[in-house]
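> Build me a model:
(chains A and B)
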Number of protein chains: 2
Amino acid sequence: MSAGLPVIIIPAVKSKSNQTVASVGELALLERLTARLPSRGDVIIGAGDDCAVVRGARADRFDYLLKSDSCVEGVHFTARAGGEWVGHKALGRVLSDIAAMGGEPLWALVDLVAPPQTPVKKIEKIYTGFNKLARQSGMAVVGGDVSAGRDLQLHVFGVGRVERGGAVLRSGARPGDAIFVTGFFGGSRAGKHLDFQPRLQEGQWLARGKWATAMIDVSDGLLRDLGHICASSGIGARLMLDAIPVSESARQGAEGKSALKSALNDGEDYELLFTVPNDKTRAFLKAWRRMFRLSCVQIGRMTSRNGKLEGISSKGIKIILQEGGYEHFQ
Amino acid sequence: MSAGLPVIIIPAVKSKSNQTVASVGELALLERLTARLPSRGDVIIGAGDDCAVVRGARADRFDYLLKSDSCVEGVHFTARAGGEWVGHKALGRVLSDIAAMGGEPLWALVDLVAPPQTPVKKIEKIYTGFNKLARQSGMAVVGGDVSAGRDLQLHVFGVGRVERGGAVLRSGARPGDAIFVTGFFGGSRAGKHLDFQPRLQEGQWLARGKWATAMIDVSDGLLRDLGHICASSGIGARLMLDAIPVSESARQGAEGKSALKSALNDGEDYELLFTVPNDKTRAFLKAWRRMFRLSCVQIGRMTSRNGKLEGISSKGIKIILQEGGYEHFQ
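This is a model prediction of the structure:
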């Protein structure tokens, strides 16, 4: 579930007869389809955040997080990817979204679609990777379906929970909040897009300690996902480009400007991007370092300039995002 | 989620290297894959019933039902099927499973996969049908995903709820219980496989009144689904063949024996099949007729003969089910 950047307003009108999925684009189509969905009073957050947030019975001390995610051969993994990693990624994508709301994973279901000639060994390896990550994460796998189809696909449905009212949304950032990220960015295609650890403990700790005002996991790309926080919160952001933690594989794949570009845009980093009130940043970093060994650095600050994303470096480089999400270096 | 009939015990060993999805079969593969899933203490029923049943916080008066179901072009609908009906069926399949546990539908997510050249109008019609049935059923649609792929597919995830401990399982039938069905059977390909009403109100009423000891929705076929109740309950069943309510379209498509065969085997009837203790049947039918206009008739009785399915008619016709679920008339 992603939003364009800047916010693309799509009128809920009938489509022109010649439009196809390809000509409209998947993200724009998704936004159009989710514009007017049936709702209920117990839906706290519907489509458009990392997970939906729903409320159980009155006495329940938890809210529930609901998420579905696709993992399709040729889009999210290649035919050469090891089966265990495919299963790991399919569940990991959902867990990363649960982590980004501060949630604890509970239950999963998985629909598998496979061409009839697929070796059973490959399917079993996929389930091995899937179940291993489920066990590590304390999640039960409670069902699913198997269908024949032309593409190898997994559709994973995950349920998590947070303390009632405690989900960290994309919409809670305020001007002046410091922007933090875990880990390193860019070059995920070298392997990390399969071999990543959803930041569940970190996300839960950030939510419980009420450190994060807004949070998202970086799947679309650092800039695009920061754009989602800006759009949902109705504000802007300024990045200190020299502070962006660029991964080794991004550095090896490119140099200078293009390594940074890779870190800002590649996506599938599955790290947490979140905001912390400015007056809490020192206490936050101290507490973080007592809890975790994982790298966590400030990369910028939220601004009041609605929808504007700026990048500032010591050399005066400035980034402006344009419609469609492509960036231009000036 | 279905089980073979009679119970096929599949050892959780490594597959032979030359096995494929096609050679093993989807149902057997699903059973093998779901044999040893990670679980948790709050999972009441995992894979293998109409829905999984999970338990929320201690003070919650509800249990939650979780279900995923695929709806694939070429398997569950043809390219000629109207878009609204495709959406209706995709959600209806999940609602029918929630109904068969006695559940109230709450929240749904849907993953859509579509070839790039699919007209947006077709996708919008699918969502129109989907959302219309969601609204009618009081269900919120809280998210999902859109991906490119070679087949048009919907993967629907649904959450429902029942009073704590009140889910009607497949495993609760006892020898002597009367077997009832709603509606009419057979010939679903003439249209009813798309145009059906999930029996939500009826299922909820059967669960709340504690009338049903076991329940299932008929998707695989009346005999196969009765076989699932037998297998889960560890008992057998005897059908009065003359009592099977054969649909008009089954009668038009065939005559005599083959119309009955169609009613017993076609599947996708999306009616309820359930058992009621013998001493309650009169009170049950009286109460049913006060509540509903929908046809509900007794078609047989559970027996103590584990795994045996017999069919008795006035002409002495007998049915025996063999491994793989194919029936033989003798």
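
> use CA for all of it now, contacts and neighbours both
OK.

> low-scoring stretches of the stretch 51-200 of chain A, by residue?
For the stretch 51-200 of chain A, no stretch is flagged by pLDDT under 70.

> Please name the nearest non-neighbouring residue to A:S295.
Of all residues not flanking A:S295 in the chain, A:G183 sits nearest, at 5.1 Å (C-alpha to C-alpha, 6 or more residues apart in numbering or on different chains).

> Next, count neighbours for the one you found.
Counted by other C-alpha atoms under 10 Å in any protein chain shown, the residues lying close to A:G183 total 18.

> just checking, it touches A:L294?
Yes - with contact defined as C-alpha atoms under 8 Å, A:G183 reaches A:L294; the gap is 6.5 Å.

> does A:L66 sit in a helix or strand, and which one?
strand A:62-72 (DSSP states H and E).

> So is the following helix or strand past that strand next to chain B?
For strand A:62-72, the following helix or strand on the C-terminal side (DSSP H and E) is helix A:83-99. No - Helix A:83-99 lies out of reach of chain B by C-alpha under 8 Å from any C-alpha of the partner chain, never closer than 11.7 Å.

> After helix A:83-99, which helix or strand is next? Please name it.
Counting by DSSP H and E, the next helix or strand C-terminal to helix A:83-99 is strand A:104-114.

> need the helices for chain A, in chain order.
Ranges of helices within chain A are A:21-24, A:26-33, A:83-99, A:120-136, A:200-208, A:222-233, A:248-253, A:257-265, A:281-291, based on DSSP state H.

> helices and strands around the second one, which ones?
Using 3 or more C-alpha pairs under 8 Å, 6 or more residues apart in numbering or on different chains; DSSP states H and E as the contact criterion, the neighbours of helix A:26-33 among helices and strands are helix B:120-136, strand B:140-148.

> Output these in TSV, with distance to chain A and mean neighbour count appended to each entry.
Shown next, in TSV, are the helices and strands packed on helix A:26-33 (distance: least, C-alpha to the nearest C-alpha, whole Å; neighbours: other C-alpha atoms under 10 Å in any protein chain shown):
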stretch	distance to chain A	mean neighbour count
helix B:120-136	5	20
strand B:140-148	4	25
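
> Give me the distance between the two termini of stretch A:219-239.
End-to-end span of stretch A:219-239 (C-alpha to C-alpha, to the nearest Å): 18 Å.

> anything in it near chain B?
No - Stretch A:219-239 lies out of reach of chain B by C-alpha under 8 Å from any C-alpha, never closer than 13.7 Å.

> ok, now stretch A:160-180?
No - Stretch A:160-180 is not in contact with chain B by C-alpha under 8 Å from any C-alpha; minimum separation 9.6 Å.

> Buried residues, that stretch. List them.
A:160-163, A:166-180 (16 or more other C-alpha atoms under 10 Å in any protein chain shown).

> Same question for stretch A:296-314.
By neighbour count with 16+ other C-alpha under 10 Å, stretch A:296-314 contains the buried residues A:296-303, A:306-312.

> Among those, give me the pair with the biggest separation.
The span of the buried residues of stretch A:296-314, defined through C-alpha to C-alpha, is set by A:C296 and A:N306 at 25.9 Å.
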